[in-house]
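# 3D, please:
(one chain, ligands or ions: 2)
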Amino acid sequence: MPPHINWDLCTGCGNCYEICPGDVIRLNNGKAFVRYPDECWHCGACRLECLEEAISFHFPIKMVRV
Ligand code: SF4
Ligand code: SF4
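Ligands and ions are numbered 1, 2, ... in the order given. As a prediction, the model looks like this:
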């Protein structure tokens, strides 16, 4: 699953856009958005770089190994 970006928290700093190795995220009108979700590698770098904690991942339960 691609990242979910909470626009209420996103400040448009661009950290996620710059760190993404897959060119998945773009900026528009001061907010980040997932432009190419199918290109996401699920590396988690964008979430780690977001100082506002605006990025999260929502995996279907069948993909979670317990
Ligand atoms: S790193 Fe976080 S606050 Fe910065 S543009 Fe990306 S989602 Fe928005
Ligand atoms: S998880 Fe990795 S590949 Fe996917 S959008 Fe974030 S930085 Fe890019």
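# quick one: I19 from I55, how far?
Note on I19: its distance to I55, by CB to CB, to the nearest Å, is 11 Å. In short, each C-beta sits where N, CA and C put it, glycine included.
# more neighbours, the two?
Neighbours per residue (other CB atoms under 10 Å) separate I19 from I55, with I55 holding more: 23 against 15.
# Go ahead and confirm the more buried one touches P2.
No: using CB atoms under 8 Å, I55 is not in contact with P2, being 10.1 Å away.
# one step back: who touches both of I19 and I55?
When contacts are counted by CB atoms under 8 Å, 6 or more residues apart in numbering, the set common to I19 and I55 consists of C46.
# now the helices for the chain?
Using DSSP state H, the helices of the chain run over residues 15-19, 45-49.
# Which one of the ones you listed lies nearest to K62?
Relative to K62, the nearest member of these by CB to CB is helix 45-49, separated by 21.3 Å.
# helices or strands up against the closest one?
helix 15-19, strand 55-56 (3 or more CB pairs under 8 Å, 6 or more residues apart in numbering; DSSP states H and E).
# Check which residues of the longest one are buried.
Of all the residues in helix 15-19, those buried under the rule 16 or more other CB atoms under 10 Å are 15-17.
# Mean confidence (pLDDT) on that helix, please.
What helix 15-19 shows for mean pLDDT is 97.
# for the last one, same thing?
Strand 55-56 shows a mean pLDDT of 97 in the predicted model.
# Now do it: which elements does it pack against?
Using 3+ CB pairs under 8 Å, 6+ apart, strand 55-56 sits against strand 4-5, helix 45-49.
# Next: the longest one.
In this structure, helix 15-19 makes packing contacts with strand 25-28, helix 45-49, judged by 3+ CB pairs under 8 Å, 6+ apart.
# hmm, back to that, out of the helices and strands packed on strand 55-56, the one nearest V24 is which?
Of all these, the one in closest proximity to V24, counting by CB to CB, is helix 45-49 (7.8 Å).
# how many other residues sit next to P37?
P37: 11 neighbours (other CB under 10 Å).
# Excluding chain neighbours, what is closest to it?
Closest residue to P37 apart from its sequence neighbours, by CB to CB, 6 or more residues apart in numbering: P2 at 3.8 Å.
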